[in-house]
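In: build me a model from this:
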Amino acid sequence: MNPAEYDVLAARTTQQVSEPLAFYALGVAGESGELVDRIKKSVYHARPLSQTEILDEVGDVLWYLTGLCRCYGFNLGDAMAYNVEKLKKRYPEKYTHEDSLARVDYASTNIPSRSKDH
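Out: Predicted coordinates:
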């Protein structure tokens, strides 16, 4: 499945809420918390952790991220492409500590504007 297909299929299960930005942002935070809690319990409490559990939680985070993108008028593919371009500017060859401190990408950032629909 590609990001555009996912966007369409995830939108099918979108619910109407009065504050979509808060709904999706808080959903990302909540589901991310569930993901890291499973990892914490695996590392510190010796609880077995399956690939399926991680896949389930990552999928939930992805659903909320997709909705958050929609609030601002772009899709997951746009966010992926934007991120890759930002990282190419920040790390022209590969990751280096020096490049991570320089953050040259901040000087030329063009962040997409928020959609009028939300």
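
In: can you pull up the most central residue in the chain?
Out: Closest residue to the average C-alpha location of the chain: Leu65 at 4.7 Å, with Cα atoms, centre = their mean.

In: other SSEs contacting the longest helix anywhere in the chain?
Out: Looking across the chain with DSSP state H, the single longest helix is helix 20-45. Using 3 or more Cβ pairs under 8 Å, 6 or more residues apart in numbering; DSSP states H and E as the contact test, the elements touching helix 20-45 are helix 51-71. Bear in mind the C-beta positions are built from the backbone N, C-alpha and C, glycine included.

In: after the helix it packs on, which helix or strand is next?
Out: Next helix or strand after helix 51-71 toward the C-terminus (DSSP states H and E): helix 76-90.

In: contacts for stretch 2-9, please.
Out: Residues outside stretch 2-9 that contact it (Cβ atoms under 8 Å, 6 or more residues apart in numbering) are Met1, Leu62, Thr66, Cys69, Arg70, Asn75, Leu76, Gly77, Met80.

In: let me fix that, I meant to ask about stretch 37-54.
Out: Leu35, Glu57.

In: again, 10 Å this time
Out: Residues outside stretch 37-54 that contact it (Cβ atoms under 10 Å, 6 or more residues apart in numbering): Glu34, Leu35, Asp56, Glu57.

In: ok so, going back, list the contacts for the residue nearest to the centre of the chain?
Out: By Cβ under 10 Å, 6+ apart, the residues touching Leu65 are Ala10, Tyr24, Ala25, Gly27, Val28, Glu31, Ser32, Leu76, Ala79.

In: in the protein, what spans have low per-residue confidence?
Out: 107-118 (pLDDT under 70).

In: pull the distance from stretch 89-107 to the chain's centre.
Out: 21 Å (Cα atoms, centre = their mean, to the nearest Å).

In: tell me the buried residues in that stretch?
Out: Arg90, Tyr91, Asp99 (16 or more other Cβ atoms under 10 Å).

In: returning to that earlier point: report the two of the contacts of stretch 2-9 separated the most.
Out: Spatial extent of the contacts of stretch 2-9 (Cβ to Cβ) is set by the pair Met1 and Arg70 at 17.3 Å.
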